[in-house]
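*Asks:* What follows is a predicted protein model with its sequence.
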There are 2 protein chains.
Amino acid sequence: MPRWEPGARERLQATTLALFAERGFDATTVAEIASRAGLTERTFFRYFADKREVLFTGQDVFEGMFVDQIVAAPADTEPFAVVAGAVRAVAADFFPAERRLFSQQRQAIIDATPGLQERELLKLAGLTTAMADALRKRGTPEATAKLGAECGLTIFRVAFSRWVDGSDGEDMAAIVDTVVADLRGLTAAAR
Amino acid sequence: MPRWEPGARERLQATTLALFAERGFDATTVAEIASRAGLTERTFFRYFADKREVLFTGQDVFEGMFVDQIVAAPADTEPFAVVAGAVRAVAADFFPAERRLFSQQRQAIIDATPGLQERELLKLAGLTTAMADALRKRGTPEATAKLGAECGLTIFRVAFSRWVDGSDGEDMAAIVDTVVADLRGLTAAAR
């Protein structure tokens, strides 16, 4: 068997998600995943540290994309527009329509497994901190940086959940635009 | 020793927080807490299921206060004003100035202990879900209920962090008002 397997990573991801859906997260073993994917356990561990990381791989890249977008926004852009623009750009790039099935399966197994929910919440808390740091780097005052980052998380969470459940169509960029408009409308309502 | 100890609960809480600060969460035992508080372990367990619950006790009451406020708001109040008003009322009630030292100590030990951070994030996620459910009960449409609940969490998190770090004074109700105004201003900025 060659050390390099074309498409091995994607095959392992798809197989892992399918097994989690069938048996649950806890009852699934790496041996089963590798066997069903027609690969060795050693190959699995070349791509993922453990079965949980199949769901959380790429977090640094994901966070880094938000940070890059925020730092690179024109200097005269207002903080809210900066984070809204960052969420729009990253979401459109990271969640194309063909990724939706994977995201749905991933979300279903997270929703069913408390330990994974905690991991997901920690990941999103890390994203919020990273966005606040990126705003500070632009010279956004401390209080606004924190609030702006929380708004960014809200936009992302609400848009992602609408995209995953299909209630607002399949195009993430369009969904983000709707959520941003909804958020502006919600907070603008007088009483 | 009588079964009922006046002030035992508060004494156990203060002692637990002091020991967590001195030794860290993991190294502190219930035996030490009880001994320093001049009480038995049995008395400790009459009030708390374990040492972690000293930090998270009262969560149901806390969540229930938000829900009650949201459900009881006048029918013609807009969703954003409903959640903002709920956060203001609960925060003012739950976090009087004399509670700030406890909240600061609690936050410090949570920030220093990853397992407690996860527990805190789960608690806040539960609060968001409860607020969304309460908005739905008022007849708020699904999409707005989710977004409104996320806004409520943002207001609470940002106000609480300003109150704990003292950057915005000591009066929680006034801090919540500032955060709500900041959030309105932030999202209203055009570009």
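*Replies:* Ah, there it is.
*Asks:* from here on, contacts and neighbour counts on C-alpha atoms
*Replies:* Will do.
*Asks:* what about the helices in chain A?
*Replies:* With DSSP state H as the criterion, chain A has helices at A:8-23, A:30-37, A:41-47, A:53-56, A:59-72, A:79-94, A:100-111, A:114-137, A:142-165, A:172-188.
*Asks:* and the residue nearest in space to the middle of chain A, what pLDDT?
*Replies:* Centroid check for chain A by C-alpha atoms, centre = their mean gives residue A:62 as the closest residue, at 6.8 Å. Per-residue confidence at residue A:62 stands at 94 (pLDDT).
*Asks:* I figured residue A:135 hits residue A:69, correct?
*Replies:* No - look at residue A:135 against residue A:69 with C-alpha atoms under 8 Å: they stay out of range, at 10.3 Å.
*Asks:* With neighbour numbers in mind, choose between those two.
*Replies:* residue A:135 (24 against 20; other C-alpha atoms under 10 Å in any protein chain shown).
*Asks:* Kindly report the residues of chain A close to chain B.
*Replies:* A:77-81, A:117-119, A:121-122, A:144, A:146-148, A:150-151, A:154, A:158, A:182-184, A:186-191 (C-alpha under 8 Å from any C-alpha of the partner chain).
*Asks:* Just the buried ones from these, in ChimeraX syntax?
*Replies:* Here is the ChimeraX command that selects the buried residues among the residues of chain A next to chain B (16 or more other C-alpha atoms under 10 Å in any protein chain shown):
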select /A:78,79,80,81,117,118,119,121,122,144,146,147,148,150,151,154,158,182,183,184,186,187,188
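*Asks:* separation between residue A:173 and chain B?
*Replies:* 17 Å (C-alpha to the nearest C-alpha, to the nearest Å).
*Asks:* Would you agree that residue is in contact with residue A:94?
*Replies:* No - applying C-alpha under 8 Å as the test, residue A:173 and residue A:94 come out as separate, 10.5 Å apart.
*Asks:* between the two, which one's more packed in?
*Replies:* Taking other C-alpha under 10 Å, residue A:173 and residue A:94 do not tie; residue A:173 has more neighbours (21 against 12).
*Asks:* Please give me every residue in contact with the more buried one.
*Replies:* A:88, A:89, A:91, A:92 (C-alpha atoms under 8 Å, 6 or more residues apart in numbering or on different chains).
*Asks:* possible to save those residues as CSV with neighbour count?
*Replies:* Shown next, in CSV, are these (neighbours: other C-alpha atoms under 10 Å in any protein chain shown):
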residue, neighbour count
A:88, 24
A:89, 17
A:91, 22
A:92, 17
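*Asks:* where does chain A have low pLDDT?
*Replies:* Residues of chain A meeting the criterion pLDDT under 70: A:1-5, A:190-191.
*Asks:* got the CA positions of stretch A:171-189 in CSV?
*Replies:* Extracted in CSV, the C-alpha atoms of stretch A:171-189 (Å, rounded to 0.1, in the frame of the first residue of the first chain):
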residue,chain,number,x,y,z
ASP,A,171,-26.2,30.3,-0.6
MET,A,172,-24.3,31.2,2.5
ALA,A,173,-23.3,34.7,1.3
ALA,A,174,-26.9,35.5,0.7
ILE,A,175,-28.0,34.1,4.1
VAL,A,176,-25.3,36.2,5.9
ASP,A,177,-26.6,39.3,4.1
THR,A,178,-30.1,38.5,5.3
VAL,A,179,-29.0,37.9,8.9
VAL,A,180,-27.0,41.2,8.9
ALA,A,181,-30.1,43.0,7.7
ASP,A,182,-32.2,41.2,10.3
LEU,A,183,-29.8,42.1,13.1
ARG,A,184,-29.8,45.8,12.0
GLY,A,185,-33.6,45.8,11.8
LEU,A,186,-33.9,44.1,15.2
THR,A,187,-31.7,46.5,17.1
ALA,A,188,-33.1,49.5,15.3
ALA,A,189,-36.7,48.8,16.4
